[in-house]
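# Dropping the sequence and predicted coords here.
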Amino acid sequence: MRLSRYFLPVLKETPAEAQIASHRLMLRAGMIKQSSAGIYSWLPLGHRVLRRIEQIVHEEQQRAGHIPMLMPTLQPADLWKESGRYDAYGPEMLRIRDRQDRDMLYGPTNEEMITDIVRSNVASYKDLPLTLYHIQWKFRDEMRPRFGVMRGREFLMKDGYNFDLTREDALHAYNRHLVSYLRTYERMGLQAIPMRADSGPIGGDDTHEFLVLAETGESEVFYDSEVTDLTFGDRDIDYDDVAQCAGVMEEFTSRYARTDETHDEALFNAIPEARRRTARGIEVGQIFYFGTKYSDAMGATVQGPDGKPVPLHMGSHGIGVSRLLSAIIEANHDDKGIIWPEGVTPFHVGLVNLKQGDGATDAACDGIYQALEAAGLTVLYDDTKDRAGAKFATMDLIGLPWRITVGPRGLAAGKIELTSRRTGESEELAPEEAVARLSEVYAAHR
Ligand SMILES: Nc1ncnc2c1ncn2[C@@H]1O[C@H](COP(=O)(O)OP(=O)(O)OP(=O)(O)O)[C@@H](O)[C@H]1O
Ligand SMILES: [Mg+2]
């Protein structure tokens, strides 16, 4: 992509309404534009990151054996009356009436709709286990939408639903989701810690929230510092292996880590004092096992091995896809701008031409651009006539992890400059060496 032909409306001024870094930086980097409170347009740069995050979520869900589909944003109220949640949900639900006077709503989540689909189409225990998911816009009329896409009213969520014959099978699905979420967040360069969370009205049920530690997080969290030493890494995992998934679950959730809703002073104080941590976190996902709550209410049964009807055991599992952009930026920025982790960057590399219009420099940039693209790397080429300082400031603001700078002086010695956004360190290299280096760096993020 050539910057001269792109749409990147960067702002010079810091927008006054933005209180936290991620919101400020997303506005300044021309990634989003508010259309009304908590509702945003995704401008091209923001849209690229959003799509990248979605793609990682898709890949990891399908790796775990979960099946993608797509349900509509608008739902009939009747389904929610069946489950009893139409009245229970309250003013966060956006209720709409169509021209036939039918009650509709903009879905805040999809348990009812998916249960309806499964009860109509799944008859036998032989069709289980089944986990379906989609990535779709949600609407919750939040009391205080704020911090940009961190707490929007319209937001993009991955929500998945498992259907199993037994509680044991459903708990395996729960563990499988935990494992796949750990992988998903790590690929985005994030540490998201599973923490025991509020199980809501149904006591005894399992639920964990995934939290990214950040001062600006809205949740108060309490944990044993040992949890931050855990990483999933690139270990092999067989998602059908019940014991292996349970082992990962045990490894990542046996130490104390809770949100304020479930915090227990006595248990917390049993940890050695030096390891007790109180901090703030951003909730980027939640997994939930709720047994037969919806299948009982909505009559979702299958024929069991003995021919008798059995209510389905279910869980639901959400990832805040659009919120993840904010969380990633909160965890990865400095005073110059965003620092994208390689896994989610909107472009792999920024190419800066220091002397646009100079025949030799332009030709060298064109050659490098083509070589990078041939290597499967995406490039944002600043081919504008702006001054070098302005070009660097824009690149630093939008946060591409790598920058290649091309100028007549370096070219005379056959060199360009390769700069890491994270460390600020630069190296003089031959153009083909820089391309090879970047191919290597990104090979780990394909
Ligand atoms: N208003 C919102 N804006 C952006 N993302 C959201 C919003 N509400 C929820 N999410 C994301 O969707 C995920 C799954 O939804 P869930 O129903 O668990 O949300 P929630 O627990 O109500 O979130 P919160 O406590 O932050 O309001 C959350 O973990 C979060 O990452
Ligand atoms: Mg939640």
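On my side now, so go ahead. Ligands and ions are numbered 1, 2, ... in the order given.

# C-alpha only now, for contacts and for neighbours.
Noted.

# How about the contacts made by the residue of the stretch 1-150 of the chain found nearest ligand 1?
Ligand 1 sits closest to M150 of the stretch 1-150 of the chain, with a gap of 5.0 Å, by C-alpha to the nearest ligand atom. Residues in contact with M150 (C-alpha atoms under 8 Å, 6 or more residues apart in numbering) are 23, 322-327.

# would a markdown table of those residues with neighbour count, distance to D141 and secondary structure be doable?
Converted to a markdown table, the contacts of M150 look like this (neighbours: other C-alpha atoms under 10 Å; distance: C-alpha to C-alpha, whole Å; DSSP: H, G, I helix; E, B strand; the rest coil):
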| residue | neighbour count | distance to D141 | secondary structure |
| --- | --- | --- | --- |
| H23 | 24 | 19 | helix |
| S322 | 26 | 16 | helix |
| R323 | 23 | 16 | helix |
| L324 | 26 | 19 | helix |
| L325 | 23 | 20 | helix |
| S326 | 24 | 19 | helix |
| A327 | 26 | 21 | helix |
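
# what's Q19 in contact with, if anything?
Contacts of Q19 (C-alpha under 8 Å, 6+ apart): F147.

# and the longest strand seen in the chain, how far out from the chain's middle?
Criterion DSSP state E: the longest strand present in the chain is strand 276-291. Centroid separation for strand 276-291 versus its chain: 14 Å, with C-alpha atoms, centre = their mean, to the nearest Å.

# Do that strand and ligand 1 come into contact?
Yes. Strand 276-291 reaches ligand 1 (C-alpha under 6 Å from any ligand atom) through 283-286.

# for the helix or strand hosting D78, packing partners?
Per DSSP states H and E, D78 falls inside helix 77-83. Packing partners of helix 77-83 (3 or more C-alpha pairs under 8 Å, 6 or more residues apart in numbering; DSSP states H and E): helix 85-88, strand 103-106, helix 111-121, helix 293-298.

# would you turn those into TSV with distance to E220, mean pLDDT and mean neighbour count?
Output for those, formatted as TSV (distance: least, C-alpha to C-alpha, whole Å; pLDDT from 0 to 100; neighbours: other C-alpha atoms under 10 Å):
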stretch	distance to E220	mean pLDDT	mean neighbour count
helix 85-88	26	92	13
strand 103-106	30	98	18
helix 111-121	28	97	17
helix 293-298	29	94	18
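
# need these in JSON lines with distance to R387, can you?
Putting these into JSON lines (distance: least, C-alpha to C-alpha, whole Å) gives the following:
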{"stretch": "helix 85-88", "distance to R387": "58"}
{"stretch": "strand 103-106", "distance to R387": "48"}
{"stretch": "helix 111-121", "distance to R387": "54"}
{"stretch": "helix 293-298", "distance to R387": "61"}
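
# Nearest approach to E417 belongs to which of these?
Among these, strand 103-106 comes nearest to E417, with 50.3 Å by C-alpha to C-alpha.

# name the helices or strands packed onto that closest one?
Partner elements for strand 103-106 (3+ C-alpha pairs under 8 Å, 6+ apart): strand 74-76, helix 77-83, strand 94-97.

# picking up where we left off before, which of the contacts of M150 lies closest to ligand 1?
R323 (4.7 Å).

# For that closest one, which non-adjacent residue is spatially closest?
Excluding its sequence neighbours, the residue lying closest to R323 (C-alpha to C-alpha, 6 or more residues apart in numbering) is M150, at 4.6 Å.

# Over to K415?
Among residues not flanking K415 along the chain, A430 sits closest, at 4.6 Å (C-alpha to C-alpha, 6+ apart).

# And that neighbour, how far from ligand 1?
A430 is 43 Å from ligand 1, where distance means C-alpha to the nearest ligand atom, to the nearest Å.

# Would you mind listing what in the stretch 101-250 of the chain touches ligand 1?
Counting by C-alpha under 6 Å from any ligand atom, the residues of the stretch 101-250 of the chain near ligand 1 are 149-153, 155, 157.

# follow-up on the earlier one: let's have the helices and strands packed on strand 103-106 in a markdown table, adding mean pLDDT.
As requested, the helices and strands packed on strand 103-106 are exported to a markdown table (pLDDT from 0 to 100):
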| stretch | mean pLDDT |
| --- | --- |
| strand 74-76 | 98 |
| helix 77-83 | 96 |
| strand 94-97 | 98 |
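
# The ones you listed into JSON lines, with extra columns for distance to A360 and mean neighbour count?
JSON lines is the format used below for these (distance: least, C-alpha to C-alpha, whole Å; neighbours: other C-alpha atoms under 10 Å):
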{"stretch": "strand 74-76", "distance to A360": "56", "mean neighbour count": "18"}
{"stretch": "helix 77-83", "distance to A360": "65", "mean neighbour count": "17"}
{"stretch": "strand 94-97", "distance to A360": "59", "mean neighbour count": "15"}
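
# can I get these in a markdown table with distance to ligand 1?
What follows is the helices and strands packed on strand 103-106, written out as a markdown table (distance: least, C-alpha to the nearest ligand atom, whole Å):
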| stretch | distance to ligand 1 |
| --- | --- |
| strand 74-76 | 17 |
| helix 77-83 | 16 |
| strand 94-97 | 13 |
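
# Need the ones you listed in JSON lines (columns: distance to V349).
Converted to JSON lines, these look like this (distance: least, C-alpha to C-alpha, whole Å):
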{"stretch": "strand 74-76", "distance to V349": "39"}
{"stretch": "helix 77-83", "distance to V349": "47"}
{"stretch": "strand 94-97", "distance to V349": "41"}
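
# For burial, what's the neighbour tally of G46?
Residues lying near G46 (other C-alpha atoms under 10 Å) number 23.

# Distance of it relative to E428?
Distance from G46 to E428, counting by C-alpha to C-alpha, to the nearest Å: 31 Å.

# Same check on T166?
61 Å.

# these two touch, right, V349 and I398?
No. V349 lies out of contact with I398 (C-alpha atoms under 8 Å); the separation is 11.2 Å.

# State which one residue of the stretch 301-446 of the chain is found closest to ligand 1.
Closest contact between the stretch 301-446 of the chain and ligand 1, by C-alpha to the nearest ligand atom, is at G320 (3.4 Å).

# residues contacting that residue?
The neighbourhood of G320, defined by C-alpha under 8 Å, 6+ apart, consists of 155-158, 284-285.

# And those residues, which of them are buried?
Buried members of the contacts of G320, scored by 16 or more other C-alpha atoms under 10 Å, are 155-158, 284-285.

# Show me the two of the residues you listed that sit farthest apart.
Maximum distance among these (C-alpha to C-alpha): 13.2 Å, for F155 and G285.

# which residues does Q286 bridge with?
Per DSSP bridges, the residues bridged to Q286 are E209, G318.
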